[in-house]
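Engineer: Need coordinates for the following:
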Amino acid sequence: MRTLAALLLSVSLSAAVLPTDWKTARDQGVTEIDRQNYAAAEAPLRASLSLALTRQEAALSSSDLGVALHQLGREAEAKGYLEKAEQAWLELPNQHRRLGRTAEALAVVLRNLGEYRASELLVRRTLADQEVAPECRAELLNVLGDLLREEGRSSEARRTFDAAAAAAADNSGAPWRALADAKIGLADLERDARSWDASLADWQSVVDLARRNQSTLVEAVGLRGLGQTWLERGSPAQAEPLLRRSLSLFENSRDSRGHQSATTLGTLAQLYIGEGKYSMAEDALMKAVEMDERTLGENHPQVGALVQMQADVAARQHDFDRARRYMDRAMTIMAARFGDQSAVVGSVFVGKARIEQSAGNLAPALAYYQRALELLPAGGPDLQSFTATVMQNCSDVLKQLHRKGEARALSAQAKTLSSGYRTRQ
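Structural biologist: Numbering: from 1, shown residues only. Now for the predicted structure:
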C-alpha cells in the first residue's frame, strides 16, 4: 500500500506543473492542508521553500511543511522544519502570532517523539511571551496539560486544562477544537479519579461539539472516551459498541495515521482481558504495537504502555517467560524516557512484581514491590491511591513469606494512605 501510494503521488506530480513563484506555491500547499490532503501539500510547500526570497517567506513555508509532515506521521522530519520556523519567529520582529502556532505544532511533535522535557520547556517559554496571540494560548495550554497528565502530574494537569477551557470560552477567536481538547483532558482526569458521571458528561460534550462541527476524528475520540469510561466503571456491554464505532471512524478517516486506531485497539484489549478473551486481546495489542511503532517509533512511551499490557496477557495465560520479556522491554523504554528513578519506572516494577507473584516466585516479587514503593512517591499525591494498592499487594506477599508483623504494619500504612486520599478527593 505504501508503494502504491508513492507511485500514485509520483504520477500525479509528474503530470502537474508546480508553480514558479513563492506565493502561488505556498497557497497551493496551504489549500491542500485545509483539505487534509497532506501528501498533496508536500510538493508545493517544498517548492515554495526553494522559491522563498525573504526569511519570513522561508519561515512560513518551513512551518507549513512541518505541519504537513507531522500529519503524515513523519515526526523527525517535521521537527527540523518547525524548529527553523520557530527560530525565525523569535528573531524577526512582530511575529508573536506565528510563533504561537508554530510552537504548538512543534510541541506536539516533540511529545510524539517522546521528548517530553523539551516539549514542556517550549510550551512554557511560549506562554511566557505576553504578546502571543490569545487564540493560541488555549491550544498551548492543552498541549501542556496533556504532557502533565501523561507524566502523572494530575493536579497540575487539571489546573492547566481548566485554564485552557476558560481561555477558549473567553476568546471568540479560539477554535472550537481548543475547548474540545480541554474537555478531553478533563474527562481523562475525571475517569482516572473514578468520578464516572463527571467524566461521562465531559466525553458526551466532546461528542456533541464534534457533531456540531462535523469532525469525524474528534467524534471518534469522544466515543472512545465514553467507551473506556463505561469499561472502567464496570459496564463492558455498554463500552464495546462505543469502542467499535470509534475504531471504525478512525480506520475510515482520511487523515488518521494509525496512532488513534492503536489507542482504541488498546482499550478494546482491556475489555477482552476483563472478559478472559486473551487471544482477542493479544491480536488487538499486536496490531496496536505495530501501528504505534510505525507512527511514533519503537521506543516511545506509548509503545511501552502497550507492551506492559502484552506482558499482563501473557502472565494471565501462565506464559511467564514471555511476560518477563515484554516487561523487560517496557522497562527499557520507560527508563530511557523518564529516568530510572521515576514513578513511571516504579509502575513497571509493579508489573514485574505481579508476574513473579503469579508465578509463585515470592522473593523476587517482594523485591520488585519494595523497589516500586521506593520510586512511586516521586509521582506525588496523585499516585497515593495506587501506592496504597501496591502496599497491600506487598503485604500479601509478606504474609505468604510468614513475615506477618511486617505485613500487618504495611497493611496499616496502606489503609492510612488510602483513607487520606479519599478524604482529599
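Engineer: What number of residues are in the vicinity of Lys399?
Structural biologist: Number of residues near Lys399 (other C-beta atoms under 10 Å) recorded here: 15. Where C-beta positions appear, they are placed from N, C-alpha and C, glycine not excepted.
Engineer: mind listing what the residue nearest to it when sequence neighbours are not counted touches?
Structural biologist: Excluding the flanking residues, the one nearest Lys399 by C-beta to C-beta, 6 or more residues apart in numbering is Ala407, at 4.4 Å. Going by C-beta atoms under 8 Å, 6 or more residues apart in numbering, Ala407 touches Ser395, Asp396, Leu398, Lys399.
Engineer: again with Ala201
Structural biologist: Going by C-beta under 8 Å, 6+ apart, the list of residues near Ala201 is empty.
Engineer: Relative to Ala237, how far out is it?
Structural biologist: 20 Å (C-beta to C-beta, to the nearest Å).
Engineer: and the residue nearest to Lys399, how far is that from Gln87?
Structural biologist: 58 Å.
Engineer: now Ala128
Structural biologist: According to C-beta to C-beta, Ala128 stands 17 Å off from Gln87.
Engineer: who's more crowded, those two?
Structural biologist: Applying other C-beta under 10 Å to Ala128 and Gln87 shows that Gln87 carries more neighbours, namely 13 against 8.
Engineer: So that one versus Leu110, what's the distance?
Structural biologist: 15 Å.
Engineer: And Glu77, by the same measure?
Structural biologist: For Glu77, the distance to Leu110 - C-beta to C-beta - is 14 Å.
Engineer: and if you look at Cys136?
Structural biologist: Remark: distance between Cys136 and Leu110 (C-beta to C-beta) = 17 Å.
Engineer: repeat for Gly258
Structural biologist: 19 Å.
Engineer: the more surrounded of those two?
Structural biologist: Applying other C-beta under 10 Å to Gly258 and Leu110 shows that Leu110 carries more neighbours, namely 25 against 20.
Engineer: going on from the helix or strand hosting the more buried one, what's the next piece of helix or strand?
Structural biologist: Using DSSP states H and E, Leu110 sits within helix 96-112. Reading on from helix 96-112 to the C-terminus, the next helix or strand found by DSSP H and E is helix 116-127.
Engineer: Contacts for whatever helix or strand comes next after that following helix next, please.
Structural biologist: Using DSSP H and E, the helix or strand that follows helix 116-127 in sequence is helix 134-150. For helix 134-150, contacts defined as C-beta under 8 Å, 6+ apart pick out 97, 100-101, 103-104, 107-108, 111, 116, 119-120, 123-124, 126-127, 132, 154, 156-157, 160-161, 163-165, 167-168, 171, 173-175, 177-179, 181-182, 185, 188-189, 301.
Engineer: now swap in stretch 297-312 and tell me
Structural biologist: 75, 112-114, 150, 259, 262-263, 266, 269-270, 273, 281-282, 285-286, 288-289, 292-293, 296, 323-324, 326-327, 329-330, 332-334, 336-338, 344, 348, 351, 354-355.
Engineer: repeat for stretch 45-56
Structural biologist: 18-22, 25-26, 29, 57-58, 60-62, 64-65, 68, 88, 92, 95.
Engineer: From those, list just the buried residues.
Structural biologist: Buried subset of the contacts of stretch 45-56 (neighbour count, 16 or more other C-beta atoms under 10 Å): 19, 22, 25-26, 29, 57-58, 60-62, 64-65, 68, 88, 95.
Engineer: between the residues you listed, which is nearest Ala210?
Structural biologist: Ala210 lies nearest to Ala68 out of the buried ones among the contacts of stretch 45-56, by C-beta to C-beta, at 23.1 Å.
Engineer: what about that closest one, distance to Asn37?
Structural biologist: The value you get for Ala68 to Asn37, if C-beta to C-beta is used, is 9 Å.
Engineer: Could you look up the next helix or strand downstream of the lowest-mean-pLDDT helix or strand in the chain?
Structural biologist: Counting by mean pLDDT, DSSP states H and E, the chain has its least confident helix or strand at helix 2-15, which shows a mean of 36. Going down the chain from helix 2-15, the next helix or strand is helix 22-34, by DSSP H and E.
Engineer: Show me what that following helix is packed up against.
Structural biologist: In terms of contacts (3 or more C-beta pairs under 8 Å, 6 or more residues apart in numbering; DSSP states H and E), helix 22-34 is packed against helix 38-51, helix 55-71.
Engineer: what is the mean pLDDT for stretch 93-112?
Structural biologist: Average pLDDT, stretch 93-112: 91.
Engineer: quick one: contacts of that stretch?
Structural biologist: 56, 59-60, 63, 66-67, 70, 75, 78-79, 82-83, 85-86, 88-90, 116, 118-119, 122-123, 126, 129, 131-133, 136-137, 139-140, 143-144, 146-147, 150, 259, 295-296, 300.
Engineer: Show me which positions of that stretch end up buried.
Structural biologist: The neighbour-count check on stretch 93-112 (16+ other C-beta under 10 Å) flags 95-96, 98-112 as buried.
Engineer: With Val108 as the reference, measure out to the closest residue to Glu131 other than its chain neighbours.
Structural biologist: Distances taken as C-beta to C-beta, 6+ apart place His96 nearest to Glu131, at 4.1 Å, with adjacent residues excluded. As judged by C-beta to C-beta, His96 and Val108 stand 19 Å apart.
Engineer: and what of Arg149?
Structural biologist: 14 Å.
Engineer: quick one on the thing from earlier: mind giving me the ChimeraX command for buried ones among the contacts of stretch 93-112?
Structural biologist: Filtering those down to the buried ones (16+ other C-beta under 10 Å) takes a single ChimeraX command:
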select :59,60,63,66,67,70,75,78,79,82,83,85,86,88,89,116,119,122,123,126,132,133,136,137,139,140,143,144,146,147,150,259,295,296,300
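Engineer: My guess is Tyr369 contacts Thr387. True?
Structural biologist: No. With contact defined as C-beta atoms under 8 Å, Tyr369 does not count as touching Thr387 (10.9 Å).
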